[in-house]
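A.B. asks: Please find the sequence and the predicted model below.
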Amino acid sequence: MKRSTHLALIACNVTALSLFVSCAGTSPRATAPNEPPPGFTTLFNGKDLTGWWGATTEDPRKYLAMTPEEFKKKHDATLDDIAKHWRVENGELVNDGHGLYATTEKNFRDYELLLDYKTVPLADSGIYLKGCPQVQIWDTTKEGGKWKIGADKGSGGLWNNSPGAPGKDPLVLADKPFGQWNHVHVIQCGSRTWVWLNDKLVVDGAILENYYDKTRKLPIPPEGPIQLQTHGGEIRWRNIFVRDIPADEANKLLRRKDQGGFKSVFNGKNLDGWAGPLDCCQVQDGAIVWQLKKGGTIYTKEEFSDFVARLEFKLPPGGNNGLAIRYPGQGDTAYVGMCELQILDDSAPKYTKLDPRQFCCSAYGMVPVYRGYQRPVGEWNYEEATIKGSTIRVELNGTVVLDCDLSKVTEFMANKAHPGKDRTSGHFGFAGHNDPVEFRNISIKRLE
C-alpha cells in the first residue's frame, strides 16, 4: 500500500462510516500480507487455522445454545475435516472446494469485516454472516451456467434473501476477472448489512434475512460467527480482518439510512413543542432524562396518523418506560392509545417472569417481540418504529424485532382489553414509570 493511501485511511479514522462518506467508499487494506489496518484484528494469521473450526449450512442458534462442553465436542469433531480440505500456502488460506466451511471460533455482533478472495471458473462460494448465508461469491460468466439464478448480476449480493427483497441482487457488477484478487468490505449492524466489492457498493443497508426460518420473520441471531463457504471449486482467501463496531458508531450508521422526510421533534435544549407533566423530565446533554420516582406521559403537541419515529434510548438497571403511540393526551397509553411500545431493561432479574408481551419493544400486553437484540444497560439503543394503519414494525439496533397487525389481536394479557388499539391518529410521546430512562435524537417522518 502506498504511504499516501495509508495516511488517508488513518485520517478517516478507519471507520466504515467515515470511509464511505469522506473517502468515497475506498475500503481499508492490509498494511502488509495478513497484517490488519489500524483498528482491525486478524482472523487468519497466514500460517495455520488457529481460531477456526468447521460447520456447514446449519442453524447457528442450535450450536450457540449449547453448553461449553457440548460445543467443544462438536467443535473438535470437525477439525479432521478442516485439515483435510483446507491448507495454507504462501500466506493464503486455500480450500479445495469440498468439506466443512471454515468458521470463526469468535462470534460477532456489530462489526466490520475485510477480506480478499480469488476464485476459479465454475466455483460457487460465499461468506456467511453470523452463521447465516450469505454474501454470494460465484462464477459470473455465462459459461458458469448460473445466469438463470442471478450470476449475471455479479457477486456480493445477499443471494439467500427472498426474491425481490433488498440486497438479494447486487447494485452493480463488480467482480474482477479470474486470476485476480477481489476485495470484500462488509459492515453489519444487527441484521442491516452493507457490502462493498472492489470498492463498489453492492448492498446498501439491506436486512440479511434468516435462511433457516421459512417464514423469514425470525431475525438472524444477535451474534454469530463468520463462515467461509466451500462449494464446487478452489477458493483462496487472505487478509481476513475484523473490527467490532461500538454502539454509538452503529447508531450513527443506522440513523443515516433513508433520512429524507424526517423532522426533529426534540431540539435537544428544552421541551418546546411537548405537553403533559413536563416536570417529570429534564433536558441534560441533549437528552430527555426522566426523573427518578416520577411517572406520567409527555407527548408532542402535534398529532400523527401514519409515521416513522426514530430515536435513541438508554436504560439504567431495571429501567422501565415506553413509547406512547397515537396517544389521546390523557389516560394510560397502553390501553387508551393505540399502544405502548415497551422500553425495558430485559436483563433485570426482577423481570425474568414477565409475560412475553411486556418485554422491550413489545406492543404492551398484545404482541411479544424477538428478544436478545438490546444493547447492554448503559449503552444507547437505536429504535425505529413504523406505524401504518393498524400495523406496527419495530427495528431495534438494526434488527426487526416486532412486525404485527393490531387489528388481528384478539387475546390480551390478563384478559384486559385495549380499547385504543384501533385509533388512527394521536400524539407521540414517552410513558414514564419512575426510572431515569434517557431519550435523544428523536425525529418523525409522516407517511400520509
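C.D. replies: Right, received. Where do you want to start? Quick caveat, the model's predicted, so the values are computed rather than measured.
A.B. asks: what residues go with each domain of this structure?
C.D. replies: Domain assignment of the chain by automatic domain parsing yields the ranges 3-245, 259-446.
A.B. asks: if we compare these, which one ends up closest to residue 251?
C.D. replies: Counting by C-beta to C-beta, residue 251 lies closest to domain 259-446 out of those; the figure is 4.2 Å. Glycine gets a C-beta too; all of them are placed from N, C-alpha and C.
A.B. asks: Now do the contacts for the residue nearest in space to the middle of the chain.
C.D. replies: With distances taken as C-alpha atoms, centre = their mean, the chain has residue 190 as the residue nearest its mean C-alpha position (1.5 Å). Applying C-beta atoms under 8 Å, 6 or more residues apart in numbering to residue 190 gives the contacts 110, 219, 222, 250, 254, 373, 395, 396, 397, 398, 399.
A.B. asks: Give me the nearest residue to it, chain neighbours excluded.
C.D. replies: residue 398 (2.4 Å; C-beta to C-beta, 6 or more residues apart in numbering).
A.B. asks: tell me the contacts of the one you found?
C.D. replies: Residue 398 makes contact with 110, 188, 189, 190, 191, 192, 250, 254, 382 under the criterion C-beta under 8 Å, 6+ apart.
A.B. asks: Same list (these) but as CSV, adding secondary structure and pLDDT.
C.D. replies: Shown next, in CSV, are the contacts of residue 398 (DSSP: H, G, I helix; E, B strand; the rest coil; pLDDT from 0 to 100):
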residue, secondary structure, pLDDT
110, coil, 98
188, strand, 98
189, strand, 98
190, coil, 98
191, coil, 98
192, strand, 98
250, helix, 98
254, helix, 96
382, strand, 98
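A.B. asks: Of those residues, just say which sits nearest to residue 209.
C.D. replies: residue 191 (7.9 Å).
A.B. asks: can you tell me how far that closest one sits from residue 301?
C.D. replies: Distance, residue 191 to residue 301, by C-beta to C-beta, to the nearest Å: 35 Å.
A.B. asks: of the two, who's got more company?
C.D. replies: For the pair residue 191 and residue 301, the greater number of neighbours falls to residue 191 (24 against 12), based on other C-beta atoms under 10 Å.
A.B. asks: pretty sure the more buried one contacts residue 205?
C.D. replies: No: under the criterion of C-beta atoms under 8 Å, residue 191 lies out of contact with residue 205, with a separation of 10.2 Å.
A.B. asks: circling back to that earlier point, can I get the contacts of residue 190 in a markdown table including secondary structure and distance to residue 169?
C.D. replies: Output for the contacts of residue 190, formatted as a markdown table (DSSP: H, G, I helix; E, B strand; the rest coil; distance: C-beta to C-beta, whole Å):
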| residue | secondary structure | distance to residue 169 |
| --- | --- | --- |
| 110 | coil | 25 |
| 219 | coil | 21 |
| 222 | coil | 27 |
| 250 | helix | 25 |
| 254 | helix | 23 |
| 373 | coil | 27 |
| 395 | strand | 22 |
| 396 | strand | 27 |
| 397 | coil | 26 |
| 398 | coil | 21 |
| 399 | strand | 22 |
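A.B. asks: Among the residues you listed, find the one with the greatest number of neighbours, please.
C.D. replies: With neighbours taken as other C-beta under 10 Å, the top of the contacts of residue 190 is residue 250, carrying 28 neighbours.
A.B. asks: which residues touch that one?
C.D. replies: Counting by C-beta under 8 Å, 6+ apart, the residues that residue 250 touches are 110, 189, 190, 382, 397, 398.
A.B. asks: thinking again about what came up before, and the residue nearest to residue 190, what are its phi and psi?
C.D. replies: Torsion angles at residue 398 (phi, psi; degrees, to the nearest 10) stand at phi 90, psi 10.
A.B. asks: a markdown table for the contacts of residue 190, including distance to residue 332?
C.D. replies: Below are the contacts of residue 190 laid out as a markdown table (distance: C-beta to C-beta, whole Å):
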| residue | distance to residue 332 |
| --- | --- |
| 110 | 35 |
| 219 | 30 |
| 222 | 31 |
| 250 | 33 |
| 254 | 31 |
| 373 | 27 |
| 395 | 25 |
| 396 | 23 |
| 397 | 27 |
| 398 | 31 |
| 399 | 29 |
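A.B. asks: Just the residues contacting the helix or strand containing residue 236, thanks.
C.D. replies: For residue 236, the host element (DSSP states H and E) is strand 235-244. Outside of strand 235-244, the residues that reach it under the criterion C-beta under 8 Å, 6+ apart are 14, 29-30, 33-34, 36-37, 39-44, 46, 91-95, 97, 108-120, 123, 125, 137, 181, 226, 228.
A.B. asks: Buried only: go through these for me.
C.D. replies: Of all the contacts of strand 235-244 considered here, the ones buried according to neighbour count by 16 or more other C-beta atoms under 10 Å are 14, 29-30, 34, 36-37, 40, 43-44, 46, 92-95, 97, 108-119, 123, 125, 137, 226, 228.
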